[in-house]
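Trainee: requesting a structural model of the entry that follows:
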Amino acid sequence: MNDYYADLGVDRGASAEEIKKAYRRLARKLHPDVNPGPEAEEEFKKVSRAYDVLGDPDKKRAFDMGADPYAQAGSAGYGPGFTFSDIMDQFFGAGAAGAPGSRGPRSRTRRGQDALVRADIDLRTAVFGDTEELTLDTAVECTTCHGECCQPGTTSETCSACQGRGEVQQVQRSFLGQIMTTRPCGVCQGFGTVLPHPCFECSGEGRVRTRRTVTIKVPGGVDTGTRIQLRGEGEVGPGGGLPGDVYVEIVVTPHPTFQRHGDDLHCTLDVPMTAAALGATIALDTFDGTQDVEVRRGTQSADTVTLDGLGVTHLRGTGRGDLVVHLNVLTPTRLDARQEELLRELAGLRGEEAPEAHLTSMDKGLLGKLRDAFR
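Mentor: So this is what the prediction gives:
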């Protein structure tokens with residue numbers, strides 16, 4: 001049977017993306033337009049045939065189970081692409097075929113699993129981006145056997161029970177007569193080989209668990225729920241197989257001063273009544289340092305001042321959002337005698353000794369301003 005993995009130069013644990021990259025690399029090298037000649041043409045056909053099998057999940061699964069989609073079915077009349085195993089599967093289901101090696105031995109080397117971890121970051125990191133360190137409990141390749149699963153100086157041996165096929169056959173009687181079924185070998189667990197001297201460090205797994213630290217680059221603009229993929233940082237597979245990926249889910253912790261709405265930041269600035277009436281410049285501490293907020297004369301509660309470009313970095317694109325400052329006018333609650341005298345004098349000058357109530361529409365009042373600010 002053809003070894004399509006060898007034709008593409010990849011191992012059996014290769015991912016779909018690795019198989020595709022290997023095919024593209026070989027196809028560019030062996031294409032008749034680039035490398036004319038009968039030998040290159042035959043190699044190109046062989047590589048194309050290999051990718052046709054390994055690039056198709058169903059064909060790849062059949063090939064890994066021992067069936068060659070390009071094998072001839074002989075005199076059965078099914079034509080190219082069908083094997084005797086495929087024909088028997090139509091009647092008895094997968095694994096019931098009587099042909100030896102219908103599945104073949106399992107590989108001890110398999111790709112490792114992906115992992116999902118959580119990373120808590122502060123709002124400043126979400127605004128500008130930064131690097132973060134994560135501690136992972138994961139599986140790494142055994143440094144003693146280097147994924148071979150055997151003690152150094154020893155090797156695996158062919159299973160004597162299944163002769164390396166990874167499966168054994170059993171004849172059962174039924175009303176249809178004798179039916180031969182195939183099941184994984186109980187001695188080698190379907191691998192086709194046994195480990196007389198398994199590695200004492202990893203117990204024949206080819207990997208060990210450990211704790212390690214990885215550094216991730218958090219781009220500016222991330223938000224809670226954003227996932228960052230770290231390729232190849234997951235656990236190593238059994239038998240020293242290719243490592244999986246790590247997906248880091250970002251969680252932005254609340255900030256005591258600033259709130260995020262999209263890529264804009266919002267905060268509330270308390271303004272004394274006199275500053276709101278007369279106008280003033282008030283210093284505000286931001287992520288970009290101290291900024292001056294111009295309070296206009298006659299400012300009312302819920303008025304806003306926008307500081308352009310001081311918000312969150314756009315995750316996709318350039319520039320940043322804005323910082324929206326909500327002004328809250330403070331009314332004094334404690335007055336000494338002189339302060340009260342001055343306020344009463346001011347009220348008299350403004351004709352407000354006995355103010356009358358005037359209803360304000362929702363569009364112009366406090367709630368309307370708040371609604372407009374968050375639109």
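
Trainee: C-alpha only now, for contacts and for neighbours.
Mentor: Noted.

Trainee: so which elements touch the helix or strand Asp7 falls within?
Mentor: Asp7 is part of helix 4-8 when elements are defined by DSSP states H and E. Contact analysis of helix 4-8 by 3 or more CA pairs under 8 Å, 6 or more residues apart in numbering; DSSP states H and E lists helix 16-30, helix 38-54 as its packing neighbours.

Trainee: pLDDT weak spots in this structure?
Mentor: Counting by pLDDT under 70, the ranges of the chain that qualify are 1, 32-34, 69-103, 174-177, 360-375.

Trainee: most tightly packed of the helices and strands packed on helix 4-8?
Mentor: With neighbours defined by mean count of other CA atoms under 10 Å, none of the helices and strands packed on helix 4-8 is more surrounded on average than helix 38-54, at a mean of 18.

Trainee: helices and strands around the very next helix or strand once past that one, which ones?
Mentor: Heading C-terminal from helix 38-54, the first helix or strand you meet, by DSSP H and E, is helix 57-64. When contacts are defined as 3+ CA pairs under 8 Å, 6+ apart, helix 57-64 sits against helix 38-54.

Trainee: contacts for the helix it packs on?
Mentor: The list of residues contacting helix 38-54 from outside it, by CA atoms under 8 Å, 6 or more residues apart in numbering, reads 4-5, 7-8, 19-20, 23, 26-27, 30-32, 59-60, 63, 69.

Trainee: mind telling me the two of those residues farthest from one another?
Mentor: Pairwise distances across these peak at 27.7 Å for Pro32 and Phe63 (criterion: CA to CA).

Trainee: the two: who's more crowded?
Mentor: Set side by side, Pro32 and Phe63 show more neighbours around Phe63, with 22 against 16, by other CA atoms under 10 Å.

Trainee: next, find the distance separating that one from Val248.
Mentor: Between Phe63 and Val248 the distance, using CA to CA, to the nearest Å, works out to 34 Å.

Trainee: now do the helices in the stretch 251-375 of the chain.
Mentor: When assigned using DSSP state H, counting those that start in this stretch, the helices of the stretch 251-375 of the chain occupy the ranges 273-278, 337-350, 366-373.

Trainee: of all those, which one comes closest to Glu235?
Mentor: If you check each of the helices of the stretch 251-375 of the chain against Glu235 by CA to CA, helix 366-373 wins as the nearest, at 47.8 Å.

Trainee: contacts only, for the residue nearest to Thr304 when sequence neighbours are not counted.
Mentor: Setting aside the residues directly before and after it, Thr304 is nearest to His326 in space (CA to CA, 6 or more residues apart in numbering), at 4.5 Å. When contacts are counted by CA under 8 Å, 6+ apart, His326 is found next to His266, Cys267, Thr268, Leu269, Ala302, Asp303, Thr304, Val305.

Trainee: related to what we said a few turns ago, in a markdown table, list the helices of the stretch 251-375 of the chain along with mean neighbour count and distance to Cys145.
Mentor: As requested, these are exported to a markdown table (neighbours: other CA atoms under 10 Å; distance: least, CA to CA, whole Å):
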| stretch | mean neighbour count | distance to Cys145 |
| --- | --- | --- |
| helix 273-278 | 17 | 75 |
| helix 337-350 | 12 | 85 |
| helix 366-373 | 14 | 64 |
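
Trainee: burial measure for the nearest residue to Val271 once chain neighbours are set aside, as a count.
Mentor: Counting by CA to CA, 6+ apart, Val271 lies nearest to Val329, which is 4.8 Å off, once chain neighbours are set aside. Using other CA under 10 Å, the number of residues around Val329 comes to 20.

Trainee: got the contact list for Val329?
Mentor: Applying CA under 8 Å, 6+ apart as the definition, the contact partners of Val329 turn out to be Asp270, Val271, Pro272, Met273, Ala276, Thr299, Gln300, Ser301.

Trainee: just Ile250 next, same as before
Mentor: Arg118, Ala119, Asp120, Ile121, Val222, Asp223, Thr224, Gly225, Thr226, Arg227, Ile228.

Trainee: just the buried residues of these.
Mentor: Buried members of these, scored by 16 or more other CA atoms under 10 Å, are Ile121, Val222, Asp223, Arg227, Ile228.

Trainee: can I get those in CSV with distance to Thr290 and secondary structure?
Mentor: Rendered in CSV, the data for the buried ones among the contacts of Ile250 read as follows (distance: CA to CA, whole Å; DSSP: H, G, I helix; E, B strand; the rest coil):
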residue, distance to Thr290, secondary structure
Ile121, 23, strand
Val222, 24, coil
Asp223, 25, coil
Arg227, 32, strand
Ile228, 32, strand
